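S.K.: below are the sequence and a predicted model for it; my questions follow.
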Amino acid sequence: MSCAVVLDPRLPLDVERMIFELAVSQHGMKASTQLVLIAKRVREWMLPLMFRVVNQIWPSRSPGHRLIDVPELLQSRGPLVQHLMIDDYSVNGSFQTVLSSCPNICNLAIYLPKSYSERKLYNLSPILQGMKKLTRLSASLPEASYVDILIQPPHFSNLTHLEMFLASWEERWGVLTKFPKLTHVSVEGNMRAHEIVKLLDDCRHLELLIVVPLSGYFHAPQSERDALHAVEDNRLVFLEPLHYVDVLFDWEKGAHGGLDSWVFAELVIVARARGYFLTRLPNCIPRSFDDWETNLNEEGRQWFFELQLKDQLKGAKCELL
């Protein structure tokens, strides 16, 4: 009598884990909330993915949206957070509690009202300066505080991407030269041509400067606008402004590795440098690829096709080379 051979149907754990992580990458982070129910081991694999990106301003879009609302959860899951979006309302003013519970943040978006008090800003300063792992910062702050709170070397020495929202900053742009790793800057505000030229000249390590003019730009004298767009430096990209909700969505796409405004502007730089565009781009470029194929030469269209941007818009990373 022969013995039947019983085959173990289970996959190696590393392969199994890869399958679950691929499912999340294909179907979005919301899928992780169902997958955690399968087994304890799957739950342990999913938790770092669930809390990797936390959008507290738009909590319904984040599987870890209750993280800040539950102290016990904040303490246990805070170290898993790498990308965090918050404002004063979403954390009830408790920035110190929240940020100190999330020591591994590398990408922070923090949006404060113009009326935010000086006392609160003074208390916030050392908290931000103590975030040693921070490489990306998107900040909307009262304008005077950018120098006093954020731009204070040797703090933020690992910062590579800085996004600022401000009406004007006068002659303070020189402080950006103090950051050895800063390669990407985005300014939603009114910059004059000479300020842009000086910043690009002084910050030779900059790879990209995005300028998003405010409404006042469109009412400025034509000569002033012409001077802005006469600046000849391929690192400079003017983009059309976004609505507030779209700003949040854009940050979230980037946090998940998708095609955000940073990557969009980088693609503009690549296409311009290689001479792919058949016609001159608008002074302020819409953040859309709708007309790109018709405005690219044959070589550019082949490059554009190989980027597979339809997949990128779903969240996959884009290879520029």
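M.R.: Thanks, I have it. None of the values given here were measured: they were computed from a predicted structure.

S.K.: now do the SS call for Leu73.
M.R.: helix (DSSP: H, G, I helix; E, B strand; the rest coil).

S.K.: again with Arg287
M.R.: Using three-state DSSP, the structure places Arg287 in coil.

S.K.: identify the residues contacting it.
M.R.: 239-240, 242, 250, 261, 264 (C-beta atoms under 8 Å, 6 or more residues apart in numbering). In short, each C-beta sits where N, CA and C put it, glycine included.

S.K.: the stretch 1-150 of the chain: strands as residue ranges?
M.R.: 53-55, 83-87, 107-111, 136-140 (DSSP state E, counting those that start in this stretch).

S.K.: buried subset of the contacts of Arg287?
M.R.: Buried subset of these (neighbour count, 16 or more other C-beta atoms under 10 Å): 239, 250, 261, 264.

S.K.: can you put those residues in JSON lines and add secondary structure, pLDDT and distance to Ser101?
M.R.: Listed next are the buried ones among the contacts of Arg287 as JSON lines, based on DSSP: H, G, I helix; E, B strand; the rest coil; pLDDT from 0 to 100; distance: C-beta to C-beta, whole Å:
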{"residue": "Leu239", "secondary structure": "strand", "pLDDT": "94", "distance to Ser101": "34"}
{"residue": "Asp250", "secondary structure": "helix", "pLDDT": "93", "distance to Ser101": "26"}
{"residue": "Ser261", "secondary structure": "helix", "pLDDT": "95", "distance to Ser101": "29"}
{"residue": "Phe264", "secondary structure": "helix", "pLDDT": "95", "distance to Ser101": "33"}
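
S.K.: turn those into TSV, including distance to Cys106.
M.R.: Output for the buried ones among the contacts of Arg287, formatted as TSV (distance: C-beta to C-beta, whole Å):
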residue	distance to Cys106
Leu239	24
Asp250	18
Ser261	18
Phe264	21
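
S.K.: identify, from the residues you listed, the entry nearest to Arg77.
M.R.: Of all those, Asp250 has the smallest distance to Arg77: 25.1 Å, by C-beta to C-beta.

S.K.: for His243, see how far away the closest one is.
M.R.: Taking C-beta to C-beta, to the nearest Å as the measure, Asp250 falls 10 Å from His243.

S.K.: what's the neighbour count on Leu248?
M.R.: The tally of other residues near Leu248 (other C-beta atoms under 10 Å) stands at 20.

S.K.: which pLDDT value goes with Glu72?
M.R.: At Glu72, the model reports a pLDDT of 79.

S.K.: that one: neighbour count?
M.R.: 7.

S.K.: any idea how far His155 is from it?
M.R.: 31 Å.

S.K.: likewise for Gly300?
M.R.: According to C-beta to C-beta, Gly300 stands 42 Å off from His155.

S.K.: those strands in the stretch 201-321 of the chain, which residues are they?
M.R.: So, for the stretch 201-321 of the chain - with DSSP E, counting those that start in this stretch - the strands run 208-212, 236-238.

S.K.: which elements pack onto the shortest one?
M.R.: Identification of packing neighbours for strand 236-238 by 3 or more C-beta pairs under 8 Å, 6 or more residues apart in numbering; DSSP states H and E yields strand 208-212, helix 261-273.

S.K.: quick one, which of these is nearest to Leu49?
M.R.: That would be helix 261-273 among the helices and strands packed on strand 236-238, by C-beta to C-beta, at 21.3 Å.

S.K.: only C-alpha atoms, please: export the closest one in PDB.
M.R.: Output of helix 261-273 as PDB, limited to C-alpha atoms (Å, rounded to 0.1, in the frame of the first residue of the first chain):
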ATOM      1  CA  SER A 261       4.300  68.400  -9.600                       C
ATOM      2  CA  TRP A 262       8.000  67.700  -8.800                       C
ATOM      3  CA  VAL A 263       8.100  64.900 -11.300                       C
ATOM      4  CA  PHE A 264       6.000  66.800 -13.800                       C
ATOM      5  CA  ALA A 265       8.400  69.800 -13.700                       C
ATOM      6  CA  GLU A 266      11.400  67.400 -14.000                       C
ATOM      7  CA  LEU A 267       9.800  66.000 -17.200                       C
ATOM      8  CA  VAL A 268       9.400  69.500 -18.600                       C
ATOM      9  CA  ILE A 269      13.100  70.100 -18.000                       C
ATOM     10  CA  VAL A 270      14.100  66.900 -19.700                       C
ATOM     11  CA  ALA A 271      11.900  67.500 -22.700                       C
ATOM     12  CA  ARG A 272      13.100  71.100 -23.100                       C
ATOM     13  CA  ALA A 273      16.800  70.100 -22.700                       C
END
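
S.K.: tell me the helices and strands packed up against it.
M.R.: strand 184-188, strand 208-212, strand 236-238, helix 244-255, helix 298-307.

S.K.: what about that helix, distance to the chain center?
M.R.: 15 Å (C-alpha atoms, centre = their mean, to the nearest Å).

S.K.: now swap in stretch 235-252 and tell me
M.R.: 10 Å.
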